[in-house]
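With the input below, show me the fold.
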Amino acid sequence: MKITLDLPEIEGYEYTGEYRAPRNTEYHLSDSGMAFCNDNFVGNVKYLILKKKAPKYKTTTVDTGRELFKYVEIKALEDALKIIKDMDADPELNSNRIPETKALKELLN
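Presented below is the predicted three-dimensional model:
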């Protein structure tokens, strides 16, 4: 059996295809149609599970004739600073799970 649903697009998130009770710190589609994360979710109420999308950063390469410069958008630098700050606050943080970290690593390669 195949079921097709028209779901709202939520900027910065995508659906995982799962419909179940969310785990702690997991994003889900709330009753109001927005992404919601409850740190202490208790219960068996089922929701559509969401995950954060990795941002797509813009790069611009400028050739001055003497040197080649690569510029990245400010959002990439802001995300990098936030990740560094979070890692300083919690050294046990697995930064590879953060979508922004993966996108920044791809940007540097």
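
contacting residues around T61?
By C-beta atoms under 8 Å, 6 or more residues apart in numbering, the residues touching T61 are 68-71. All C-beta atoms are positioned from the backbone trio N, CA, C, and that covers glycine.

Dump these to CSV, plus distance to H28.
Output for the contacts of T61, formatted as CSV (distance: C-beta to C-beta, whole Å):
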residue, distance to H28
L68, 45
F69, 43
K70, 38
Y71, 37
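
Which of those residues sits closest to E106?
Nearest to E106 out of the contacts of T61 is K70 (C-beta to C-beta; 14.1 Å).

residues contacting the closest one?
By C-beta under 8 Å, 6+ apart, the contact list for K70 reads 59-62.

What pLDDT is listed against H28?
Turning to H28, the model gives it a pLDDT of 85.

Can you pull out the low-pLDDT segments for this structure?
40-42, 88-97, 109 (pLDDT under 70).

can I get the contacts of K70 in TSV with distance to Y15 and secondary structure?
Shown next, in TSV, are the contacts of K70 (distance: C-beta to C-beta, whole Å; DSSP: H, G, I helix; E, B strand; the rest coil):
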residue	distance to Y15	secondary structure
T59	28	strand
T60	32	strand
T61	35	strand
V62	38	strand
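
Weed out the non-buried ones from these.
Buried members of the contacts of K70, scored by 16 or more other C-beta atoms under 10 Å: none.

what's the closest of the residues you listed to G43?
For the contacts of K70, the closest approach to G43 (C-beta to C-beta) belongs to T59, at 44.2 Å.

Roughly how far does the closest one sit from K53?
Using C-beta to C-beta, to the nearest Å, we find T59 at a distance of 18 Å from K53.

Then M87?
For M87, the distance to K53 equals 21 Å [C-beta to C-beta].

Same check on L107?
Distance of L107 to K53, computed by C-beta to C-beta: 15 Å.
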